[in-house]
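K.L.:
how would this look folded up:
(2 chains, ligands or ions: 2)
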Amino acid sequence: MNYHASSVGATRYVGERTPRKEDGRLLTGRGQFTDDIQLPGMLHIAFVRSPVARGRIVSIDMGVAREMPGVQAIYTQADLAAIPVQMLSFFFTPIESPVTLLADGRVACVGDPVCMVIAESRAQAEDAAALIELEIDEETPLVTIADAKTGALVHPDKDDNIAAEMGDEDMLEEAIQPLLDKAPHVVTHTIRHQRIAQSPMECRACVASPEGSGEMTVWMGCQSPHLAARYVAHALGMPQESIRVIAKDVGGGFGLKNIPWREEVAVVVAARLFGRPLKWIEDRFEALTASSHAREQEVTLTIGLDDEGKLLAGWSDYACNNGAWPMGEDANIAVHMFMWPAYKLPAYGFVTRGWYTNTMGLGGYRGPWAMESLIRETTLDKAARKMGVDPVELRRKNLIYLPDQPVTSNMGIEVTDITPGECLEKLVANVDIAAFRREQAEARKEGRYLGMGIATYIEPTGSAGAMQPMTGETVQLRIEPTGKIVAMLSTHSQGHGTATTMAQVIADRLGVAYEDISIFEGDSAIGAFSPGAAGSRQGVIAGGATWKATEMLAEKVKAVAAHLSNASVDAVTIDGGMVHVEGAPEMSRSLKELAEIAYGEPARLPEGMASGLEAQFRYQPPPMTMTSAAHCCVVEVDAETGFVKILRWVSAEDCGTVINPGVVEGQIAGGLAQAIGQVLLEDMPYDARGNPLAATFKDYLMPTISDVPDFEYLHANTPSQTIGGMRGVGEGGAIIGPPTLVNAIADALAPFGELGGEAGEVTLPLTPSRILDVIEQRNVSGHQAPAEKAVAAPVAEEVPAETVAVSPETEPAPATASIDGDWDMTLKAPMGGQTFLAHFDTEGTSLSGYLSAPEGRQEFSGGTFEDGRMKFEVKVDKPMKVTLKYDLQATADSITGKCKMGMFGTAKVNAVRA
Amino acid sequence: MSEHKIDLTVNGHRHSATVEARTSLGEFLREGLGYTGTHLACEHGVCGACTVRVDGVAMRSCLMLAVQANGSEITTVEGLAKPDGTLHRVQQALKDNFGLQCGFCTPGVAITLATVLEDNPSATTEEMETAMSGHICRCTGYQGIRRAIRQLAGEAA
Ligand code: FES
Ligand code: FES
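P.N.:
Numbering: from 1, shown residues only, chains lettered A, B, ... in the order given. Ligands and ions are numbered 1, 2, ... in the order given. Coordinates of the predicted model:
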């Protein structure tokens, strides 16, 4: 499986900096982006958005707007409701907030779409939109996480403002605090991460063209046309084949375009209602203020260490702002799952919550769980400073190295082949840290402040098989009668270069010229389902699929050639598009000749062999493939201005088999630039009235070429267990970049004090004025850390509602009704609500039954049923081994209560009669 | 809304059209004439994606009105390569150095660098980087663009 073994032909392609197939069209203006689509009779859409953060819609006056030139229709939610829609999360679970395509009687954030104007030109649509008068009875909005804890309900039909929560508060007292109490060193650190606008250079875009009877062709800026098509089909209750989504070129996605959202689906619905092709092109103001946002979160981590610097225990309290209409309610459980698999930390507990507020909803962004690395690595460096130990040594004491494995993390994740320790060693071997420390000491004497930051991490990539849309990838491959190769892929590139890397794999494994391969993707009518670019997965899974499909095709070519030449298959080789038979040069044939025979003269093929030269393979990889890395950066902080200059950045990453170093390094670099933006520049602040304050690229500071240094790369290549041995690399830079840079700045500022003060509350971005806060030890930035100080231990009274909707202990015990039979049960699990069938049988006080979902059925027995209280345990293996402990209270027609999911904490459960 | 008749040359082709006074040059090139290689990414003059060459000067086509281009000679990204398909050296350098990913910012980047080199064929790395600092690229972290600039300046990339 290791490509180093050899390429099939004499020319090696895997591992080479092969120029990209995508570049020819993109460099000459011949790409096809959604806004490039023009259709006969196409009309244009502009949205009218709420200017206030919260309130009841009193009236919508469209009188003047309707009379404007070119206006064809103005829709409100009442019009769109003619076609029922169920908005879904990325996991295809129903969105739990009462989200509608347009505002339904209430607005819950600035930018909430209220009306949709359809006109002959975009300018006319915008003119009319500006003349629609909205009267809104304004209410006081909840803007911050702190507001959400105490304020009025964002969604009046909910019990509280908790959008999602996980974790086990009891564990702090029961298991973690005693260990922390005994630890000789305890360090607590808080990070407040600002809100990010993902800002792909191409804003969102959608063209929907109704066709035939109930069919629709949709051009959409998305991260997978297959997923977009399935999403729209599910949301509208249409057969998937009736929707074709085309996304030939997309100007960046970064998680924002993971799923179609309200506007895209509204365009599709409106096109069906109006019966004409409709186009919506988001402008940058909308993109910044009214596209889903990302990252706003607060986390406090406390770790205990022994005198040698070994980690003993950890506790964290995490909260993220879900806004009003998240693309899926999220408590970011992944932060906790992936905080420690690279480290030896025996005991870890957490509480984690997502909060509804009257701000734009939460969406995906490259490495959505990245906070795990940011909080862990910055806390470790703080511990190193406090204990006076070298940060590299502290990591060495705690990191996992290859000989430590297999090992299972404190959250139940088994790692077998990660290399964070090896990456750190490689990094340290290539960066002269001692020389830097001397330089740093010299510089300080001159009043120059240099700092070095190091961080290590692992990243789950290529996830498949545990969550709804995270599937395998399919490749269909064909040698055409011309001898050229055509591949149809389930992949999608928003800059990822999948046509390039997959063609390299084909060229390498088949022994043909790269130039002779044509790749087709970017259209839901081509290939089969995959979620495309989501979770650093395409190189791993599509790469493996392509690898295997190509080998299958090569086997067939050899079998045909061997048969025609009366030779053994082992004697056949393919090179440069020619098929050779060992020892019989006169038998050499071109692939074209072979293909002509295979398609046109099937009688000459071996008996029973299918005609043609085609192969198809759908690859189901291991559930997760881990990538590891260690990074180092060097900065200089100007003590006069607070300005940070990045002097050097070295990445040592292990992404297994590298198909194309140019592409891999491009992914790392893009993520690192975004990391630099997050740490130093980008910010989407809200004022107290809930107005987003960065409305242009003059306010929302994107990194430019002068903010980003040259990156240096060290590639370790430990093949993974997938076919081809690749590991994903799409998100890593955005995950490990922030802690690397924050650590470097903290190191530079060490002579002045701790970044974020002694309390250790670091607020991003680290603007020059926030850095001067540390240097001058006064409040230069005017930024006051919120009065309510985050504490390691959660204070129960601060939480307005109980974790559990109905607490079995406090609810008066109802008369016992029979619970035997089938129930529709919902578990509010980490990846959104999971609904399944529960069947119960009682005999006296003993309870047994099963839980059944399309993925499988789990039987249980040995439960108890007394006075309506049901207690039982179910063991599950996917996505991780965990015992689910149910504690429920039943009445005749409903069941409510909670389920304890091991380390994942507690989830709400309810059920109704099926 | 007043309408105006304009004549202009784009990539060597002459065009006549009637445009609304408020139509930006970028929108007109894309929608009116079909030169969709020019991309609009902010429409407020910050990102540089929409850059085209107007009478030898790199201009943000989102900030210029179509009527202002009356009588002008314009080059868009479609006009950079030779008619036989040979890439302009800026395009080739971007390709050689993985200077693009999604390609949305690329047309503006290519026009700007080509214009700098047109004005001064031996422009330095610093001069080109300064010109490039008016462009936003969300994908590449500017690494490949910087290597392309070094290649164009005759330095080791
Ligand atoms: S679109 Fe013209 S500068 Fe951004
Ligand atoms: S290549 Fe995507 S924005 Fe530059």
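K.L.:
Can you name the residues of the stretch 201-350 of chain A sitting close to ligand 2?
P.N.:
A:201, A:251-252 (C-beta under 6 Å from any ligand atom). To be clear about C-beta, it is placed using only N, CA and C from the backbone, and glycine gets the same treatment.
K.L.:
show me the contacts for the residue of the stretch 401-550 of chain A found nearest ligand 1.
P.N.:
Closest to ligand 1 within the stretch 401-550 of chain A is residue A:495: 18.1 Å, counting by C-beta to the nearest ligand atom. Going by C-beta atoms under 8 Å, 6 or more residues apart in numbering or on different chains, residue A:495 touches A:250-252, A:670, B:100-103, B:139.
K.L.:
which among those residues gets closest to residue B:37?
P.N.:
residue B:103 (9.8 Å; C-beta to C-beta).
K.L.:
re earlier: for the residues of the stretch 201-350 of chain A next to ligand 2, which one is nearest residue A:354?
P.N.:
Taking C-beta to C-beta as the measure, residue A:354 sits nearest to residue A:252 out of these, at 25.5 Å.
K.L.:
count of residues packed around the closest one?
P.N.:
Burial of residue A:252 is recorded as 26 neighbouring residues (other C-beta atoms under 10 Å in any protein chain shown).
K.L.:
Quickly find the element holding it.
P.N.:
Using DSSP states H and E, residue A:252 is not contained in any helix or strand.
K.L.:
Distance check, the nearest residue to it once chain neighbours are set aside against residue A:279.
P.N.:
Once flanking residues are discounted, residue A:252 sits nearest to residue A:200: 3.1 Å by C-beta to C-beta, 6 or more residues apart in numbering or on different chains. To residue A:279, residue A:200 is 18 Å away according to C-beta to C-beta, to the nearest Å.
K.L.:
which SS class is the most far-flung residue of chain A relative to its centre?
P.N.:
Distance from the C-alpha centroid of chain A, by C-alpha atoms, centre = their mean, peaks at residue A:586 (54.4 Å). Recorded secondary structure, residue A:586: helix (DSSP: H, G, I helix; E, B strand; the rest coil).
K.L.:
Which helix runs longest in the chain?
P.N.:
As the question left the chain open, I've gone with chain A. Taking DSSP state H as the criterion, chain A has its longest helix at helix A:543-565.
K.L.:
that answer is for a different chain, and I need it for chain B
P.N.:
Longest helix in chain B, counting by DSSP H: helix B:106-119.
K.L.:
Next, the angle from the next helix or strand after it to helix B:106-119.
P.N.:
The helix or strand immediately downstream of helix B:106-119 is helix B:125-132, counting by DSSP H and E. Helix B:125-132 and helix B:106-119 are oriented at 140 degrees to each other (axes from the mean of the first three to the mean of the last three C-alpha atoms, to 10 degrees).
K.L.:
got the contact list for the next helix or strand after helix B:125-132?
P.N.:
Sequence-wise, the next helix or strand beyond helix B:125-132 is helix B:143-152, with elements assigned using DSSP H and E. Helix B:143-152 is contacted from outside by A:662, A:665-666, A:669, A:705, A:708, A:710-711, B:89-90, B:93-94, B:96-100, B:109, B:113, B:117, B:123, B:125, B:128-129, B:132, B:137, B:156-157, using C-beta under 8 Å, 6+ apart.
K.L.:
Likewise for stretch A:655-665?
P.N.:
Counting by C-beta under 8 Å, 6+ apart, stretch A:655-665 makes contact with A:2-3, A:14-18, A:20, A:496-497, A:500-501, A:504-505, A:539, A:543, A:625, A:627, A:711, A:713, A:715, A:717-720, A:722, A:724-729, A:732, B:98, B:143-144, all of which sit outside it.
K.L.:
Now go through those and say which are in strands.
P.N.:
Under the assignment DSSP state E, these contribute A:625, A:627, A:711, A:713, A:715 to strands.
K.L.:
State the distance from residue B:121 to ligand 2.
P.N.:
Counting by C-beta to the nearest ligand atom, to the nearest Å, the gap from residue B:121 to ligand 2 is 25 Å.
K.L.:
List the contacts of the residue farthest from the centre of chain A.
P.N.:
Per C-beta under 8 Å, 6+ apart, neighbours of residue A:586: none.
K.L.:
just the buried members of the contacts of stretch A:655-665?
P.N.:
Buried members of those, scored by 16 or more other C-beta atoms under 10 Å in any protein chain shown, are A:3, A:14-16, A:18, A:20, A:496-497, A:500-501, A:504-505, A:539, A:543, A:625, A:627, A:711, A:713, A:715, A:717-720, A:722, A:724-729, A:732, B:98, B:143-144.
K.L.:
sorry, back to before: how about TSV for the contacts of residue A:495, with pLDDT added?
P.N.:
As requested, the contacts of residue A:495 are arranged in TSV below (pLDDT from 0 to 100):
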residue	pLDDT
A:250	98
A:251	98
A:252	97
A:670	98
B:100	98
B:101	98
B:102	98
B:103	98
B:139	98
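K.L.:
Of all pairs in those residues, which one is the farthest apart?
P.N.:
A:250 and A:670, at 14.4 Å, using C-beta to C-beta across these.
K.L.:
Pick out whichever of these two has more residues nearby.
P.N.:
Remark: of residue A:250 and residue A:670, residue A:250 carries more neighbours, 31 against 27, as counted by other C-beta under 10 Å.
K.L.:
pretty sure the more buried one is touching residue A:221, no?
P.N.:
Yes - assessed by C-beta atoms under 8 Å, residue A:250 is found in contact with residue A:221 at 4.8 Å.
K.L.:
Now list whatever residues contact both of these two.
P.N.:
A:33-34, A:200, A:202, A:257.
K.L.:
Who wins on neighbours among the residues you listed?
P.N.:
residue A:257 (33 neighbours).
K.L.:
ok, back up a step: for the residues of the stretch 201-350 of chain A next to ligand 2, which one is nearest ligand 2?
P.N.:
Among these, and counting by C-beta to the nearest ligand atom, the member closest to ligand 2 is residue A:201, at 3.8 Å.
K.L.:
Tell me, how many residues neighbour the closest residue to the closest one other than its chain neighbours?
P.N.:
Once flanking residues are discounted, residue A:201 sits nearest to residue B:104: 4.2 Å by C-beta to C-beta, 6+ apart. Per other C-beta under 10 Å, the neighbour tally for residue B:104 reads 30.
K.L.:
do the same with residue A:468
P.N.:
18.
K.L.:
Test my guess that it contacts residue A:88.
P.N.:
No - taking C-beta under 8 Å as the definition, residue A:468 is not a contact partner of residue A:88, at 9.4 Å.
K.L.:
shared neighbours of these two, which are they?
P.N.:
By C-beta under 8 Å, 6+ apart, no residue touches both residue A:468 and residue A:88.
K.L.:
ok so, going back, any idea how far the residue of the stretch 401-550 of chain A closest to ligand 1 is from residue A:513?
P.N.:
25 Å.
K.L.:
ok, residue A:474 - contacts?
P.N.:
Going by C-beta under 8 Å, 6+ apart, the list of residues near residue A:474 reads A:489-490, A:527-530, A:545, A:616-619.
K.L.:
quick one: the residue farthest from the centre of chain A from residue A:739, how far?
P.N.:
63 Å.
K.L.:
Quick check: closest non-adjacent residue to residue B:101.
P.N.:
Counting by C-beta to C-beta, 6+ apart, the residue nearest residue B:101 is residue A:495, at 3.1 Å.
K.L.:
From ligand 2, how far out is the one you found?
P.N.:
5 Å.
K.L.:
Please apply the same query to residue B:92.
P.N.:
From residue B:92 to ligand 2 the distance is 17 Å (C-beta to the nearest ligand atom).
K.L.:
gap between the two ends of stretch B:2-15?
P.N.:
Start and end residues of stretch B:2-15 are separated by 20 Å (C-alpha to C-alpha, to the nearest Å).
K.L.:
how far out from the middle of the chain is that stretch?
P.N.:
18 Å (C-alpha atoms, centre = their mean, to the nearest Å).
K.L.:
go on, stretch B:150-157?
P.N.:
Mean-position distance between stretch B:150-157 and its chain equals 21 Å (C-alpha atoms, centre = their mean).
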